[in-house]
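Enquirer: Attaching a predicted model along with its sequence, questions to come.
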Amino acid sequence: MYTGPGKVEVQNIAFPELKNPKGKKITHGVVLKVVSTNICGSDQHMVRGRTTAPSGLVLGHEITGEVIEMGADVEFLKKGDLVSVPFNVACGRCRTCREMKTGICLTVNEGRAGGAYGYVDMGGWIGGQAEYVMVPYADFNLLRFPDKDQAMEKIRDLTMLSDIFPTGFHGAVKAGVGPGATVYVAGAGPVGLAAAASAQLLGAAVVIVGDMNKARLAHARSFGCETVDLTLDATLTEQITQILGVPEIDCAIDCVGFEASGHGTDSKTEVPAAVLNSLMEITRAGGSIGIPGLYVTEDPGAKDEAAQKGSLSIRFGLGWAKSHSLHTGQTPVLSYNRQLMQAILYDKVQIAKAVNVEVISLDDAPRGYEEFDSGVAKKFVLNPHNLIPDIKPKAKKKEKEPA
């Protein structure tokens, strides 16, 4: 539970009921026993006090769980099913849901388009960093894993399907990543690392990750990425040229968002539009920029009045002159999660390794938030019921000496 800027506490809450945030009973929802639930960088924006989130908000939108209770109108799920919960709350019935733009459902949030669990201004749906959670419109929203035992063996990877993996993949797709592409990913946090792994899955020739955190950059290199250290005096363009031999890339992905900082000597100064402007500089003419990084309508912690209202000084003229395509918004998880599940189950990607998962208890969540905020190269997964198996790496077989 978020209790104020910089404060996260584990508190008791009521057992979930099949009701919407207004208290109306619903019959299309389920109650899940939470198997895994992840700490997200988006949660950190609220915990830092950089949004209008109220004290007492139950956090958590990256949820995987077991169905234990069902409404009368749920037809395609059964008790005991292990499911992934897209962070988008979506009705499946409105115009945008029918277009599979589930990140901007028109009915689940009275304030604006789009709903999510445990998040400010996203409809009041109770978050899932808890032992149990209620999920509405269950038949439409939930992705059932075909084999429960197999899923539990791969739960560290499959828990990423609720948000971070589809979000990184969405950023790569919208940036136009394909076979042979050169890709720059801004930010080596978990979403940036997921975007980098996604770019590799899509066939990129070179994936370059930029950040100011040396531990995170080292982890990006551990699975085959090139890296750029933005604290150095060398400009981003100069470092890109050193890697590729040319000063531009085909595809760019912003995995930082509004809490961006400048580069080089300005690396400790907050510059909200720094990433967007730098990406327009290095992306080739006619290229695309995917923007899964979060930008908010209100930022009470911003340095200037314009940024507090979500207004940024971007070089839009540069992007226009280069015919860039910019793609923004919440990821429609349902557009990707089944395909990405298959990639995990058939060992085509190791997303838990790419984002460096560490499993901790629910009671240890405040420590996870504190370490994550300090910049550790980890993705924290909460284990409320101690159901995540302690899988140790298999010992390598000794190779036979040649005859």
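Expert: Nice, thanks for sending it over. Numbers count the residues shown, from 1 in each chain.

Enquirer: Now do the same contact list for the closest residue to residue 216 other than its chain neighbours.
Expert: With sequence-adjacent residues excluded and distances taken as C-beta to C-beta, 6 or more residues apart in numbering, residue 216 is closest to residue 188, at 3.7 Å. All C-beta atoms are positioned from the backbone trio N, CA, C, and that covers glycine. Neighbouring residues of residue 188 by C-beta atoms under 8 Å, 6 or more residues apart in numbering: 209-211, 213, 216-217, 219-220, 227, 377.

Enquirer: The residue nearest the centre of the chain and residue 61, how far apart?
Expert: Geometric centre of the chain, nearest residue: residue 164, 2.9 Å, by C-alpha atoms, centre = their mean. Remark: distance between residue 164 and residue 61 (C-beta to C-beta, to the nearest Å) = 10 Å.

Enquirer: Return every residue with contacts to both of these two.
Expert: If you check residue 164 and residue 61 against C-beta under 8 Å, 6+ apart, the residues they both contact are residue 40.

Enquirer: how many neighbours does the closest residue to the residue nearest to the centre of the chain other than its chain neighbours have?
Expert: If you skip the residues right next to it in sequence, residue 164 has residue 194 as its closest partner in space, 4.9 Å away by C-beta to C-beta, 6+ apart. The burial metric for residue 194, expressed as a neighbour count using other C-beta atoms under 10 Å, is 29.

Enquirer: The one 10 residues further on too?
Expert: Residue 204: 24 surrounding residues under other C-beta under 10 Å.

Enquirer: OK, contacts around it?
Expert: For residue 204, the set of contacting residues under the criterion of C-beta under 8 Å, 6+ apart consists of 172, 177-183, 251.

Enquirer: repeat that with 10 Å
Expert: Residues in contact with residue 204 (C-beta atoms under 10 Å, 6 or more residues apart in numbering) are 172, 175, 177-183, 185, 196, 198, 225, 250-251.

Enquirer: Return the member of those nearest to residue 257.
Expert: Relative to residue 257, the closest of the contacts of residue 204 is residue 185; by C-beta to C-beta it sits at 13.1 Å.

Enquirer: Any idea what the residue nearest to residue 226 when sequence neighbours are not counted is bridged to?
Expert: By the measure of C-beta to C-beta, 6+ apart, the closest residue to residue 226 outside its immediate chain neighbours is residue 208, 4.5 Å from it. With DSSP bridges applied, the residues forming beta bridges to residue 208 are residue 184, residue 226.

Enquirer: Might you list the low-confidence residue ranges for this protein?
Expert: For the chain, residues meeting the criterion pLDDT under 70 lie at 391-403.

Enquirer: circling back to that earlier point, any idea which element the residue nearest to residue 216 lies in?
Expert: When secondary structure is defined using DSSP states H and E, no element contains residue 188, which sits outside every helix and strand.

Enquirer: next one: phi and psi at it?
Expert: Dihedral angles phi and psi of residue 188 (degrees, to the nearest 10) take the values phi -110, psi 30.

Enquirer: So the chain: which segments form each domain?
Expert: 2-162+332-382, 164-328 (the TED database).

Enquirer: Would you convert the ones you listed into CSV that also reports distance to residue 389?
Expert: Shown next, in CSV, are the domains of the chain (distance: least, C-beta to C-beta, whole Å):
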stretch, distance to residue 389
domain 2-162+332-382, 6
domain 164-328, 20
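
Enquirer: So for residue 388, which of those sits nearest?
Expert: By C-beta to C-beta (comparing all of the domains of the chain), the closest turns out to be domain 2-162+332-382, at 5.3 Å.

Enquirer: Now find how far off-centre the closest one is within its chain.
Expert: The chain centroid and the centroid of domain 2-162+332-382 are separated by 11 Å under C-alpha atoms, centre = their mean, to the nearest Å.

Enquirer: Which secondary structure state does the residue nearest to residue 164 sit in?
Expert: Three-state assignment for residue 194 (DSSP: H, G, I helix; E, B strand; the rest coil): helix.

Enquirer: ok, now which ones touch it?
Expert: Taking C-beta under 10 Å, 6+ apart as the contact definition, residue 194 lies against 160, 163-172, 185, 255, 292, 349, 351, 354-355, 379.

Enquirer: Mind checking which of these are in helices?
Expert: Assignment to helices by DSSP state H places the following of those there: 164-172, 351, 354-355.

Enquirer: Adding distance to residue 79, write the residues you listed out as CSV.
Expert: Formatted as CSV, the ones in helices among the contacts of residue 194 follow (distance: C-beta to C-beta, whole Å):
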residue, distance to residue 79
164, 28
165, 27
166, 26
167, 30
168, 32
169, 31
170, 32
171, 36
172, 36
351, 28
354, 33
355, 31
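
Enquirer: Between those residues, which sits nearest residue 276?
Expert: Distances from residue 276 to those, taken by C-beta to C-beta, are shortest for residue 171, at 13.3 Å.

Enquirer: how close does the closest one get to residue 199?
Expert: 9 Å.

Enquirer: again, but for residue 350
Expert: Separation of residue 350 from residue 199 (C-beta to C-beta) stands at 15 Å.

Enquirer: of these two, who's got more company?
Expert: Set side by side, residue 350 and residue 199 show unequal neighbour counts under other C-beta under 10 Å, the larger going to residue 199 at 32 against 15.

Enquirer: okay but that one is in contact with residue 178, surely?
Expert: Yes - taking C-beta atoms under 10 Å as the definition, residue 199 is a contact partner of residue 178 at 9.5 Å.

Enquirer: so what sits against both of those two?
Expert: Looking at what touches both residue 199 and residue 178 (by C-beta under 10 Å, 6+ apart), the common residues are 172, 205, 251.

Enquirer: give me every residue that touches residue 122.
Expert: By C-beta under 10 Å, 6+ apart, the residues touching residue 122 are 61, 87-89, 108-109, 111-112, 114-116, 330.
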